[in-house]
Structure formats: structure tokens, C-alpha cells
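Engineer: Coordinates for the following, if possible.
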Amino acid sequence: MKFDIICKDAGSGARAGSLHTDHGTIETPVFMPVGTQGTVKAVDQQKLKEEVKARIILGNTYHLFLRPGMQVLKEAGGLHKFMNWDRPILTDSGGYQVYSLAANRKLKEDGVEFRSHIDGRKLMFTPENVIDTQRLIGADIIMAFDECTPWPCEKKYAENSMHLTHRWLQRCVEHFKETEGLYGYDQTLFPIVQGSTYPDLRKASAEFISGVKADGNAIGGLSVGEPHDEMYAMTEMVCSILPSDKPRYLMGVGTPVNILECIALGVDMFDCVMPTRNARNGMLFTANGTINIRNKKWENDFNPIDDELTPHYSKAYLRHLFIAKEYLAAQIASVHNLKFYLWLVDTARTKITEGTFAEWKNRMVKVLDQRL
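Structural biologist: Residues are numbered from 1 along each chain as shown. Take a look at the predicted model:
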């Protein structure tokens, strides 16, 4: 994997880049739609490519490990072939799902013992078998196994968790070097910065991760309930330490405003379930603010959902679909929200190259959170 920085914004830390993988080039900053179980919910792969114009999507190691299982994916030739997606894929390590299963897991030095949320089976994730699993899935970018700390948490817990993540990382790196991809193309391992919202821990973790000299780096453990100001402060600190010539991936973030603010801090890659999850509940993102399409005020509004992104359907029609509980409602809304997120990062890239990003960003964040 190779990363080229094309342009830097003079008024902020924002940069436009190109991330080259064996499945194609990803222009950054980029938003990555979340395809947890080999599908971006309510959106088929053709729409992702042709309408959303997604350059890279995510798969989830934990969920894919459980269903369809590694034997099926191996026989299919990996996730790309299984889901008919010929562009890059990133997989998380399962660390976040293990965090969310706190009531049903045991954290050990060797790894994490947990029970399947599907059938209650007792399972074990270790740094080594998580690498093996992601080799079988075949993602272009794979994540090191980490513990995502909850917020808030005691500093001692965050510190112990951070050191455990670092020890797991060393095992991930060693096992990654000892193994090879299964499908004839390169895979890249990203380590993950942890440390909760404690500045000294974040600094120590960012310095440790920088020392690994990976081809890219991720920032984890944010967007888990902490105030946005703390998220921005931790992100700014970490970005000031991580290598400037490598891509930076902020995991699980976030709202349109979060994304713009963090682009300004030097982040290149984002993912979040928000555009599709909110879409299924009737919440639409636009350049003028957020729409709850279920509201009665849209009942007789025959104007397009969005003149540029979704011109073919009216607000009244989409509201009708939601009220009637038609499946098409989720599809139209999900495609719209994903197109908006991709429009947002693509426009940010254009503004960076034009030298007008900071001014545009400051103007946009004032309107994006408005309810229409």
C-alpha cells in the first residue's frame, strides 16, 4: 500500500491524498460505508458503486467470523468475491464488538473469551487468530486486535488497557509478518491508538504506535460517548504525533460536523453506521441541515429530497413510504445519506486543493446540525 499526499490546506491540518491498494486507489479524505456482515444495509453493491460511488467499504471480523463463517469465505475466495465487490475493503478486528459485549466476555492476557450473540457458543479471539481470520476474509486493510475502552473509565483501567493493546499489537505484527495473504494481493495492517480521554495516555499510545512504522494508523476508543470537545482534543494531539506521511483513520466517527472538524485536524479516513442507521429511522442529512422525513410537514412537499443528490423522488413520496412501512423507504434514504457523506468528503477534498477548506468548513459546521 502506498499513500501520496497531494495537497495540504494552509489554514488547517487538512490534507488531500491518494491511498493506493491492489483493489484500486482511494482518494482521501474518504468516508467508508459500513458493511458489517458483507452488506451495507439496504444498499446493494451496484448502487454503492454507481450511485453512492463508494471507494472502499468496511467488513466486520466478529460478525463475519460467526456468519457466514470462515470456511464459506475461504471457499468463496474471500469477501471480495463472496459479495461481488472489486474495490478495496477494510476490516476491523472485532475489538469494538468485544467491547460492546462486556457483559458476556472475559478479558485475558492471551485474548478475549466471549459468547456468540447468535447461539451462545463460547469463543476466543487472540491477536494471532484475529490476523488469521482477517487473512481469510481477505480485506485490503486489516486492523490490529485491541481493547476499546468505555467512556468514562478510571485512568488506571485505561492505562492497563492501553498497555494490553500495545502487547497485543506486537503479537499481531509478528504474526502478520509470519503469514501471507491467501488470494494473490497485498494486505496492510493498521495499529490502533488507545488511551481513552487521558492526554498523557493518548500521547504515549500515539508514540508507541508511531514506532511500529506501519503503512497507516488508526485512532480508536473515541466516539463512545465522550463530549465532542474531548474527541477533538484527543484527535488533534494524536494527529500531531502520528507520522504525517501515513494515512490516519479515525474509527467510528461520526456526524457530518465531526467529520469536517476532524478532517481539519489531519484525519484522512472515517467510517460510521450513522448515515444508514439514521436513514432507516427517517433521518436525512443535507447540506442545509437534517430532515426528519416522517414529520407531517413533508406530507405535501413535492419538491425533490435533494436537487442534486436525490432529485428523482419527492419528500412527500419518501414520507409516504416510511409511514406505509415500505422497504423501499430504507433504500432511498440510505442511498441518499451515503451520497451526502461522500459528497461531504469529496467537497472537502476539492476545497483543500483550492485552498479554501478552512473558510468553507467553518461555514458548513454552522448549518449542518440544523433541523429543517
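Engineer: where in this structure is pLDDT low?
Structural biologist: Residue ranges of the chain with pLDDT under 70: 98-99, 101-102.
Engineer: If you count neighbours, what's buried in the longest helix along it?
Structural biologist: If you go by DSSP state H, the chain has its longest helix at helix 327-354. Buried residues in helix 327-354, counting neighbours by 16 or more other CB atoms under 10 Å, are found at 329-349, 351-352. C-beta coordinates here come from the backbone N, C-alpha and C atoms, glycine included.
Engineer: again, but for stretch 284-299
Structural biologist: Here stretch 284-299 shows L284, F285, T286, T290, I291, N292, I293, R294, W298 as buried, counting by 16+ other CB under 10 Å.
Engineer: And for the nearest residue to W343 once chain neighbours are set aside, the neighbour number?
Structural biologist: Closest residue in space to W343, ignoring its immediate chain neighbours: L309 at 6.3 Å, by CB to CB, 6 or more residues apart in numbering. By the criterion of other CB atoms under 10 Å, L309 has 20 neighbours.
Engineer: any idea how far L321 is from L309?
Structural biologist: As judged by CB to CB, to the nearest Å, L309 and L321 stand 17 Å apart.
Engineer: Could you do R277 as well?
Structural biologist: For R277, the distance to L321 (CB to CB) stands at 18 Å.
Engineer: Neighbour count: the two, which is higher?
Structural biologist: More crowded of R277 and L321, by other CB under 10 Å: L321, with 20 against 14.
Engineer: quick check, that one in a helix?
Structural biologist: Yes. Applying DSSP: H, G, I helix; E, B strand; the rest coil, one finds L321 inside a helix.
Engineer: ok, back up a step: please list all residues in contact with the residue nearest to W343.
Structural biologist: T286, H336, K339, F340, W343 (CB atoms under 8 Å, 6 or more residues apart in numbering).
Engineer: Please state the backbone phi and psi of H228?
Structural biologist: Main-chain torsions, H228, degrees, to the nearest 10: phi -60, psi -40.
Engineer: Spatially, what comes nearest to it if we skip its sequence neighbours?
Structural biologist: Computed as CB to CB, 6+ apart, the closest residue to H228 that is not its neighbour in sequence is N258, at 6.7 Å.
Engineer: what's the answer for D306, then?
Structural biologist: Leaving out its chain neighbours, the residue that sits closest to D306 by CB to CB, 6+ apart is T286, at 5.7 Å.
Engineer: residues contacting that neighbour?
Structural biologist: If you count contacts by CB under 8 Å, 6+ apart, T286 has them with D306, L309, F340, L372.
Engineer: R55 reaches P29, doesn't it?
Structural biologist: No. Using CB atoms under 8 Å, R55 is not in contact with P29, being 10.9 Å away.
Engineer: Mind listing what's buried along stretch 213-221?
Structural biologist: Buried residues in stretch 213-221, defined by neighbour count with 16+ other CB under 10 Å: A214, D215, G216, N217, A218, I219, G220, G221.
Engineer: and the residues you listed, which of them are in strands?
Structural biologist: Among the buried residues of stretch 213-221, the ones falling in strands (DSSP state E) are N217, A218, I219.
Engineer: just curious, which of those is nearest to R135?
Structural biologist: Ranked by distance to R135 (CB to CB), these are led by A218 at 18.3 Å.
Engineer: Would you confirm that that closest one contacts L189?
Structural biologist: No. Using CB under 8 Å, A218 is not in contact with L189, being 10.2 Å away.
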